[in-house]
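Engineer: Requesting a structural model of the entry that follows:
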Amino acid sequence: MDKILELREKRAKVWDNAKDFLDSKRSKDGLISDDDSKIYETMESEVVSLGKEIDRLERQAVFDLELSKPINKPILESPYDNKIGSKSNEYKNAFWNVMRSKSGIDVQNSLNEGTNADGGFLVPDEFERTLVEALEEENIFRKLATIIKTSSGDRKIPVVATKGAASWVDEEGLIPESDDTFGQVSIGAYKLATLIKVSEELLNDSAFNLETYIAKEFGRRIGRAEEEAFFTGSGTNRPTGILADTGGAQLGATTASQTAITIDEVMDLFFSLKSPYRKKAVFFRLILL
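Structural biologist: Got it, this is the predicted structure:
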C-alpha cells in the first residue's frame with residue numbers, strides 16, 4: 001500500500017511537470033516545436049506507465065487479500081456443545097414432557113437418542129450439569145477427589161504397590177536394581193437413589209421452574225448422603241469411607257487428649273504421610289452428630 005501511494009504521488013508530480021512544461025513552451029499561437037512535443041510525449045508516456053503499474057499493484061493487493069483468507073472456518077465452539085443426541089432441544093423437551101406425563105410417539109423416539117456405550121444419557125445435558133453443580137456445593141469431597149465416569153459399574157485402576165529407591169554408589173560402582181511393583185485396585189459403583197413426588201397442579205404450572213428445582217433438590221439430598229458415606233461408609237452397599245473400621249484410612253497419629261490437641265501432634269500427623277502426598281494434603285474437621 002505504501003508503494004502504491006508513492007507511485008500515485010510520483011504520477012501526480014510528473015503530470016504537473018508535464019502540464020507546466022507544455023504551458024511554458026507554447027508560442028503565441030498555442031503551438032509547440034517538434035522537439036518540445038517529443039519531450040512532452042515522453043512525460044505523458046511516463047504518466048501512463050505509472051498508472052498501469054499502480055493498477056497492477058492494486059490488483060495484486062486484491063489477490064493477496066483473497067488468497068490469505070483461511071480455507072476452512074475455525075472451530076469456535078467445543079465439539080461437545082453440538083446440539084445432537086441428549087444435548088438437543090428435542091431430547092430435552094421430550095424428557096420433560098415425559099416427566100409431566102405428556103408422552104407420545106414422537107417423545108418415545110426422541111428419548112431413544114444414543115446409548116450408554118456411545119455416550120448417551122437418560123437426562124438432558126443441561127439438567128445433568130445443574131445436578132453436578134449442586135452435588136459439588138453439598139459434597140466437599142467432589143472438589144478434592146478425582147471423578148471417574150464408568151458405564152460398566154466397576155473400574156480397575158493400576159496402582160504402584162511399592163516404589164524403588166535411589167542409592168549412593170562409588171565411581172564406576174555397580175548400580176543396584178530397585179524396581180517398582182504394581183497392583184490393581186477395583187473401585188465399585190454404588191447406587192444412590194431418591195424420589196420426589198410432585199402434584200399434577202405443580203407439573204402443569206409453566207411458571208414454576210420444575211427442572212431447576214428437581215436438580216437442586218436431588219443435588220442436596222445425594223450430596224449429603226455421598227459426603228457422609230465418603231467419611232464413614234462401611235463399604236456394604238455404599239462406598240468405603242476414610243474413617244471406616246475396615247478398608248479406611250491408616251492411622252497417622254494419636255493425640256493424648258481429644259480436647260487439647262498440640263501443634264506437635266498436628267506436625268506428627270502431617271509428616272506421617274509420605275512426602276509425595278504432603279503438598280496436596282488437606283485437613284478435615286469432622287463433627288459427628
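Engineer: going forward, measure contacts and count neighbours with C-alpha atoms only.
Structural biologist: OK.
Engineer: Count the neighbours of the nearest residue to Phe271 once chain neighbours are set aside for me.
Structural biologist: Excluding its sequence neighbours, the residue lying closest to Phe271 (Cα to Cα, 6 or more residues apart in numbering) is Arg278, at 7.5 Å. Here the number of neighbours of Arg278 (other Cα atoms under 10 Å) works out to 12.
Engineer: Quick check: phi and psi on Arg278?
Structural biologist: For Arg278, the backbone dihedrals (degrees, to the nearest 10) come out as phi -70, psi -30.
Engineer: and if you look at Glu9?
Structural biologist: phi -70, psi -40.
Engineer: which SS class is Glu172?
Structural biologist: Assigned with DSSP: H, G, I helix; E, B strand; the rest coil, Glu172 falls in the coil class.
Engineer: quick one: contacts of stretch 258-266?
Structural biologist: Contacting residues not belonging to stretch 258-266 are listed as 253-255 [Cα atoms under 8 Å, 6 or more residues apart in numbering].
Engineer: Stretch 233-247: which residues count as buried?
Structural biologist: Buried residues in stretch 233-247, counted by 16 or more other Cα atoms under 10 Å: 233-235, 238-244.
Engineer: quick revisit: quick check: the residue nearest to Phe271 vs Ala94, distance?
Structural biologist: 49 Å (Cα to Cα, to the nearest Å).
Engineer: Repeat that for Ile222.
Structural biologist: 25 Å.
Engineer: Val159 belongs to a strand?
Structural biologist: Yes. Applying three-state DSSP, one finds Val159 inside a strand.
Engineer: Most widely separated two among the buried residues of stretch 233-247?
Structural biologist: Pairwise distances across the buried residues of stretch 233-247 (Cα to Cα) peak at 13.6 Å, for the pair Arg238 and Leu243.
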